Structures are given as C-alpha cells and as structure tokens.
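*Asks:* next one to model:
(chains A and B)
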Amino acid sequence: MARAVSTKRKLWFTGLAWLIGLVIFFPILWTVLTSFKTEAEAIASPPSFLGFEWTLENYATVMERSNYFRFFMNSVIIAVGSTALGLLVAVPAAWSMAFVPGKRTKDLLMWMLSTKMLPPVGVLIPIYLISRNFGLLDSRAALVVVLMLINLPIIIWMLYTYFKEIPGEILEAARMDGASLRSEIIYVLTPMAVPGIASTMLLNIILAWNEAFWTLNLTTVNAAPLTAFIASYSSPEGLFYAKLSAASTMAIAPILIMGWFSQKQLVRGLTFGAVK
Amino acid sequence: MGSISLNKVSKSFGDVQVIPPLDLEINDGEFVVFVGPSGCGKSTLLRLIAGLEDLTSGAISIDGADATNAAPAQRGLAMVFQSYALYPHMTVRKNIAFPLKMAGMDPAEQDRRIAGAAKVLNLTDYLDRRPGQLSGGQRQRVAIGRAIVREPSAFLFDEPLSNLDAALRVNMRLEICDLHKTLATTMIYVTHDQVEAMTMADKIVVLHDGYIEQVGSPLELYENPVNKFVAGFIGSPKMNFIAGAPAQKRGADSIGIRPEHLTVSRDAGEWAGVVGVSEHLGSDTFLHVNVDGIGMVNVRASGEFRVKYGEQVFLSPIEEKIHRFDAAGLSI
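*Replies:* Model (predicted):
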C-alpha cells in the first residue's frame, strides 16, 4: 500500500517550504525594497517594510553616476566568454572520461574537484603577477581565462555526469552503422546531450556572473563587470544603502530573469543522475 | 557471403582472461547461436566479432579476408543490441536511414530500402514516430530494420529478445527465423535461453567460462552431449543426474536421464518415490518425485497422468536413453 499523506501533514510541509523559501529569498527582497527607499528610510530604525514613500531616485542617481551599460556588457562578455571557452575544453575532456575511461579517470575527476576547495586567495598573488606580466590586468581576456579555469572542474563534472547517462550501446550502434568519430559526435552524441550542455552552460554563466573575488581583484576600470559596479557604491564617502541596493538590484536583475526562465533546465541539470 | 572464422581468438580484461584461445568456423548462411550461462563470455565473443572489443590475441577473418584489426563499420556486419540502442532523437525513418546516410547512399535508393524494410517488419505506419512512442516489440523491429537495410554479410544479435514479454518473445523468435529463411544471411545470435537456442539454431555453440564446450546441431547436443555441463544445459526441464548405485550398475560414475525419458507407473518400476510438487500444464505434467537414496528427480509425464502430492509412484528409466558420465564428467 502506498503511504498515505494526510492533508494536515501536507499543509504543514507546504507551510514549512514557503517559510524556508522566504527566508532564503528575504535578503534579495529586502535589497529590492531598500532600493526604492530614500537614504533616510533605508537606515531608519525600526525599518518599515512596505509603508514608506516609494521613490525611483536611487536608480536615477546610479544611472547618472556610473555607466551601467559598460559594466553590464563587461559582465556579459566575461560570463559568456568564459562559458564558451570552458565548454570548448570540457566537452572533449568529459567525452574521453565518460567513454574511454582510464585507470586514473576517477582520481583525475576527484583531483579536479579538489581544486575547488583551494581558497582562491592562495593563488591570488601568482595569478595577479602572471596577469601583470602579460599586460592583462584590467582586461576582459584575463577574466575570461581565469573564470573559465575556476569553473572548469564543475563544467567537466556536470558534462561527465550527463555523458555517463548516454548508453554506450547507442554509440556502439553508431559505430556499427559506419559512423566515424566525427559523425558519431555530431549526429548522435551532441543531439542527445543538448539538454545537459544547455544546463551546464546556464549554470556556468550564473557562476561567472556572480563571481566577485577575481573580478574585483583583477580589474579596475576597463574590464570591470557588475560586481565592481556594486562594490563602487560601498565606499569612500561611507555607505549609501539605498543607492547600493539600487545598484545591486540592477546587477542581479539580468541573471535573476535568466535563471527564472531557465529554472526547469537548471534543476534538471543539477539533479541529473542523482535519482533513478 | 558471410563466412566467419575465428583462429586462436582470446580476450583478457587486465589480468582476467575472459576468453581463452578458441577456434570457430561459421559458414555462410548459417544461423549460429552462442548459448551459455551469464558470464560465460558469449557476448564478449560476439563483440570481438563485431569489432567493438579488441582481440588480445588471435585472428578473425570474414569472407576469407583478415578483419582482425578492421573497424566495426568496415566488417560489413550489422548488430542488434539487447537494449535496441535506437537513436532516441531520430524518427524511425531516420534511425533506419542512419547507416545508409553514413555510407553516403543516394537518397532515392535510401527511400527504396527503408520502404522495403518497413514493409517486411510491419513498420510502415510508424516511420515518422520516435522510438519513445513505440512498444518494446516495435523498437526491436526498428533495430532489426536498421540492420537489414545495410544488407550486411552477417547479422549479430546480442540477446535481442530478453527485454520482451514471454508472448512477444515467441512471436519475435518466429519473425527472426522467418527473416533468416528469407534473407539467407549468416546470423549469429547470443542468448542464455536454451529454448531460443534449440528452436532457432542451425548450429549451437555452448560456452562455459569462455571455453567452447560443444558445437553441434540442436538435436546432436540433445542426444549426444559431450559432458555433464552440456547435458544439463540443453533440454528443459533439466536432465537428472544420478550418482551411486544406479550409476555403478551401468558402469559409470554418474548417469543422466532426461525427465521425458522416465516412465512413471503407479504399480511397479525400478525406483519408488513420493510425489512432491506436480505441475499440470495440460499437455504435460511435470512431477518432482522424491526417490529414496537418489533425491529429487524431475519427470515429464503425459497430461493425462494425474497424481497428487504425497502419492507413491514408480519410475523406470528408458535404458537406451541413459547418458553415462565418467568421474571427470565426460560422456562415456
């Protein structure tokens, strides 16, 4: 007999889920609300939740004071560029690990993942110096390469998991049917892996978009993305919470909208292979 | 044309030898079945022939030409996989067309061949569907369709029916046999099901731990098994093996007697026993009889023979049908 779930239990769990969801979402909600307050309201104690005078003044000031679109374009170029470059490297890597694994493939995968456990600040100086020596400080190219390398383990792991789900027999069937390695990849593997490649791409764009450590340390003006745009509102004249919130909202809005539209794809990507 | 010859072929995975060196000749147009329990190396042997695994040593020739190091596609063989291995993102038509497209065949000829295969396999109405929208039997037909359009010199089947339900399996078995008669192409068929082997094969190759135990026609194996393994593997229900006094009396270490070669009587016979479970199938009755000093003996009686649990019966083996084995398990 299937386990019956009582209505009371269902209500309880639904309530709990909503509560957890709200707790997680609250900082974002608070940021958005604060961005519509005046600076005085933003630091008022006790704070008002909705009963304040709504204003767009902060957005106007932010747009006036900084060139939002330049930061935005830098973010787009860095996120998309590092993702594209990452996929270019990761697809063949994941392919070989999934379909022609060697004795040490598992160790290699674990090692790659372990690099994610390294505190980034540990390699800040070498990477900074390398960038400087190549004349790449404050350049989008350096960030594209660095962010690609930072996220590469995750891209390879995700693609590896996806490729593992593709039955080897189908590729063998293609081989029996006379497909060369090239046709096998173009006509059989890639179409079957498109959902996996797409969700890997989406996740990586989000990770690269949100990356703050390297983008803040390796850029100043020319290549500065939206993370630097936010950071520029938390200094030198002191904190301006309302303007800072407006800048943050503008920085996260594009990726939030993209995430909203692709949430199905993302959830599927992250839980792929976990069940079944 | 489709003769295949294996010469001292062996395969090891690391230190584990899966197939010790073996020789095998498969003649053009033959329906050969590799049969054996799980893990006996039958699928590996098929994959070696297909070129999906590399040989550790030995040589394979197809139609007289050396194919030892040839890529799978160059061997002119077509394979039907256990999981069907259809391309899920392509329609049935595109699945069947795939090998033709890879061969760069002219589209008109492709269409002609696809239509032909679809007609033979009753797939005409399903050509624009995707594999996910088909039943197991239909998917299996598509896999076969993809194999036949290439007009290969031999077909390789890797347990193609094991994912189907019992009724469908019998139908597909007949269809594959029909196909063999129509195409008259060599077929190599791997199964662990001895009934499939017996009903389909011209020649059965019985494998055990990578070794070929015996090669022969179904009836040769049934009537003259070379050892206890083949004797026990071929035939259903299984042969009874009896050691001790009844065997010594017949000058053997042990004897084997098939369930259908025992006569059952209520009155008199060589061995007395008590009926345990009896399975009434209508046409036949399978009895499990507990015989003193021998143990459980399976008997195949006629459908009319009605006995109940706990009744006493007498069994007598048909003398000329008894198989005698020596201490090493070989037939005497």
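*Asks:* which strand residues bridge the closest residue to chain A within the stretch 151-300 of chain B?
*Replies:* Using Cβ to the nearest Cβ, the single residue of the stretch 151-300 of chain B nearest to chain A is B:Leu156, 8.3 Å away. (Glycine included, C-beta is placed from N, CA and C.) With DSSP bridges applied, B:Leu156 shows beta-bridge pairing to B:Met79, B:Ile188.
*Asks:* got the buried residues for the top helix by length along chain A?
*Replies:* Criterion DSSP state H: the longest helix present in chain A is helix A:68-99. The neighbour-count check on helix A:68-99 (16 or more other Cβ atoms under 10 Å in any protein chain shown) flags A:68, A:71-72, A:74-75, A:77-83, A:85-87, A:90-91, A:93-95, A:97-98 as buried.
*Asks:* go on, stretch B:131-149?
*Replies:* So for stretch B:131-149, counting by 16+ other Cβ under 10 Å, buried means B:131, B:134, B:137-149.
*Asks:* over to stretch B:61-69?
*Replies:* Buried-residue list, stretch B:61-69, by 16+ other Cβ under 10 Å: B:62-63, B:67-68.
*Asks:* show me those residues that map onto strands.
*Replies:* B:Ile62 (DSSP state E).
*Asks:* could the buried residues of stretch B:61-69 be laid out in JSON lines, adding pLDDT and distance to A:Arg140?
*Replies:* As requested, the buried residues of stretch B:61-69 are arranged in JSON lines below (pLDDT from 0 to 100; distance: Cβ to Cβ, whole Å):
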{"residue": "B:Ile62", "pLDDT": "92", "distance to A:Arg140": "57"}
{"residue": "B:Asp63", "pLDDT": "91", "distance to A:Arg140": "60"}
{"residue": "B:Ala67", "pLDDT": "91", "distance to A:Arg140": "54"}
{"residue": "B:Thr68", "pLDDT": "91", "distance to A:Arg140": "53"}
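*Asks:* what's the neighbour count on the residue of the stretch 151-300 of chain B closest to chain A?
*Replies:* 26 (other Cβ atoms under 10 Å in any protein chain shown).
*Asks:* hang on, it packs against B:Thr185?
*Replies:* No - between B:Leu156 and B:Thr185 there is no contact under Cβ atoms under 8 Å: 11.1 Å.
*Asks:* mind listing the helices for the chain?
*Replies:* Just so you know, I chose chain A. With DSSP H as the criterion, chain A has helices spanning A:7-35, A:39-42, A:57-65, A:68-99, A:105-114, A:124-133, A:140-165, A:168-176, A:181-183, A:190-210, A:213-218, A:226-231, A:241-261, A:263-271.
*Asks:* the intended chain is chain B.
*Replies:* B:42-50, B:92-102, B:107-120, B:136-148, B:166-183, B:194-200, B:218-223, B:228-233, B:245-249.
*Asks:* buried stuff in the fifth one?
*Replies:* What that stands for is helix B:166-183. So helix B:166-183, judged by 16+ other Cβ under 10 Å, has buried residues B:169, B:172-173, B:175-176, B:179-180.
*Asks:* packing partners of it?
*Replies:* With contacts defined as 3 or more Cβ pairs under 8 Å, 6 or more residues apart in numbering or on different chains; DSSP states H and E, helix B:166-183 has these neighbours: helix B:136-148, strand B:186-191, helix B:194-200.
*Asks:* before we move on, what about the second one?
*Replies:* Helices and strands in packing contact with helix B:92-102 are listed as helix B:107-120, helix B:136-148; criterion 3+ Cβ pairs under 8 Å, 6+ apart.
*Asks:* also the fourth one?
*Replies:* Under the contact definition 3+ Cβ pairs under 8 Å, 6+ apart, helix B:136-148 sits against strand B:77-80, helix B:92-102, helix B:107-120, helix B:166-183.
*Asks:* mind putting the ones you listed into TSV with mean pLDDT?
*Replies:* Converted to TSV, these look like this (pLDDT from 0 to 100):
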stretch	mean pLDDT
strand B:77-80	92
helix B:92-102	94
helix B:107-120	92
helix B:166-183	89
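*Asks:* to A:Ala251, which of those lies closest?
*Replies:* helix B:92-102 (45.5 Å; Cβ to Cβ).
*Asks:* between the closest one and helix B:107-120, how many degrees?
*Replies:* Orientation check (axes from the mean of the first three to the mean of the last three Cα atoms, to 10 degrees): helix B:92-102 against helix B:107-120 gives 130 degrees.
*Asks:* tally of neighbours for the closest residue to A:Thr215 other than its chain neighbours?
*Replies:* Sequence neighbours aside, A:Thr227 is the residue nearest to A:Thr215 in space, at 4.7 Å (criterion: Cβ to Cβ, 6 or more residues apart in numbering or on different chains). For A:Thr227, the neighbour count with other Cβ under 10 Å is 22.
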